[in-house]
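Colleague: next input, structure requested:
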Amino acid sequence: MPSKSYEKALSEIYSLDKFGIHLGLERIKRILALLGNPEKSFRCCLVAGSNGKGSTVEMLGSVLSKNGWKTGSYFSPQVEEFPERIRINGKNADRKDIVASYLEVKKACSKKLLSFPYLN
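Modeller: Have a look, this model is predicted:
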């Protein structure tokens with residue numbers, strides 16, 4: 001059974017959909033800067049295209065993991081449950097980690113008086 005904090009975090013995450021698509025990277029760049037630019041501390045690759053991304057990412061992750069690399073991936077939307085979106089070393093994210101990460105981002109945005117979750 002999901003915890004109340006997990007259910008609340010998911011409810012807030014899903015409420016972001018009501019704001020629609022806003023093209024550009026300015027908002028995510030602001031959030032990453034508030035978090036200390038964690039994306040600069042690891043190597044990554046982007047798999048893009050129309051078909052086969054999921055299979056490609058899983059195969060690439062498997063090869064890298066077997067060679068000692070820590071891997072992570074993000075998929076959207078999920079098939080059944082939100083933790084399927086975020087995978088670390090081939091395993092779905094832990095619900096506690098999802099809540100902790102969400103709260104960390106929310107707190108960073110709140111400190112700078114950004115209108116979280118919209119972030120104009």
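
Colleague: please make it C-alpha for all contacts and neighbour counts, starting now.
Modeller: Noted.

Colleague: which residues in this structure form helices?
Modeller: 4-15, 26-34, 53-66, 95-111 (DSSP state H).

Colleague: reformat the ones you listed into CSV and put distance to Ile88 and mean pLDDT next to each item.
Modeller: CSV is the format used below for the helices of the chain (distance: least, CA to CA, whole Å; pLDDT from 0 to 100):
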stretch, distance to Ile88, mean pLDDT
helix 4-15, 19, 89
helix 26-34, 20, 88
helix 53-66, 9, 92
helix 95-111, 11, 90
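
Colleague: and the ones you listed as JSON lines, adding distance to Ser41?
Modeller: Below are the helices of the chain laid out as JSON lines (distance: least, CA to CA, whole Å):
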{"stretch": "helix 4-15", "distance to Ser41": "25"}
{"stretch": "helix 26-34", "distance to Ser41": "12"}
{"stretch": "helix 53-66", "distance to Ser41": "18"}
{"stretch": "helix 95-111", "distance to Ser41": "17"}
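
Colleague: among the ones you listed, which is nearest Phe82?
Modeller: Set against Phe82 and scored by CA to CA, the helices of the chain come closest in helix 4-15, at 8.0 Å.

Colleague: give me the buried positions along the closest one.
Modeller: Going by neighbour count (16 or more other CA atoms under 10 Å), the buried part of helix 4-15 is 6, 9-10.

Colleague: can you check stretch 97-104 too?
Modeller: So stretch 97-104, judged by 16+ other CA under 10 Å, has buried residues 98-99, 102.

Colleague: closest one of those to Asp17?
Modeller: For the buried residues of stretch 97-104, the nearest to Asp17 is Tyr102 (15.4 Å; CA to CA).

Colleague: what's the neighbour count on Glu84?
Modeller: Other residues within reach of Glu84, judged by other CA atoms under 10 Å, total 18.

Colleague: nope, Cys109 is what I was after
Modeller: 20.

Colleague: hang on, it packs against Leu32?
Modeller: No: if you go by CA atoms under 8 Å, Cys109 and Leu32 don't touch, sitting 9.9 Å apart.

Colleague: wait, which of the buried residues of stretch 97-104 is closest to Ser50?
Modeller: Ile98 (27.8 Å).
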